[in-house]
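structure of the sequence below:
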Amino acid sequence: MCPTPEDPSRPAAGAAALRMLESRLDDWVLLSPKESRLDARRAPALRLALRQALELTGRVLLDLRRVRRLDPSAAAALLDAARGALGRGELRLFGLHAQVRATLRATGLDALLDLYEDLPAALARTLPSPASAPPEGDP
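Have a look, this model is predicted:
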């Protein structure tokens, strides 16, 4: 009997479930983990939730107000999602506690991720549409 490949739509064996609230806000998917800790056991579920949300609309807001601790595995899941969104969508994080910010700063991810204080700030930032962007070389 041949082993079957893992289903990419499900977290790996041994991964912990991630309780997540999901809602729509205009053309954004708003994800709010209900966990206070995002760690190596929950990183696969976080990665999956972010990938599925990005596939749905291409625009994801991640509410981290409940998250008090973020380990490097979960931070890597955030980076994977941000890379997956490049050129195809957006991932914005808001509501980061000091410990979460410290983890992102220590890993250098604070410079690579779109971080905002709160939901209004995350929604207020608008990107120019390609038609309204100045041509390359213009100031």
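
now the helix or strand harbouring residue 44: average pLDDT?
Assigned by DSSP states H and E, residue 44 falls within helix 43-57. In this model, helix 43-57 has an average pLDDT of 94.

kindly export whichever helix or strand comes after that helix (C-alpha atoms) in CSV.
Counting by DSSP H and E, the next helix or strand C-terminal to helix 43-57 is strand 59-63. The C-alpha trace of strand 59-63 is given here as CSV (Å, rounded to 0.1, in the frame of the first residue of the first chain):
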residue,chain,number,x,y,z
ARG,A,59,-6.9,41.1,1.0
VAL,A,60,-6.5,40.0,4.6
LEU,A,61,-6.5,41.8,7.9
LEU,A,62,-5.1,39.9,10.8
ASP,A,63,-6.3,41.1,14.2
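
relative to helix 43-57, how tilted is strand 59-63?
For strand 59-63 against helix 43-57, the angle by axes from the mean of the first three to the mean of the last three C-alpha atoms, to 10 degrees is 140 degrees.

quick check: the closest residue to residue 16 other than its chain neighbours vs residue 25, distance?
Nearest non-adjacent residue to residue 16, counting by C-beta to C-beta, 6 or more residues apart in numbering: residue 41, 3.9 Å away. C-beta here means a position set from N, CA and C on the backbone, and glycine is covered the same way. Counting by C-beta to C-beta, to the nearest Å, the separation of residue 41 from residue 25 is 29 Å.
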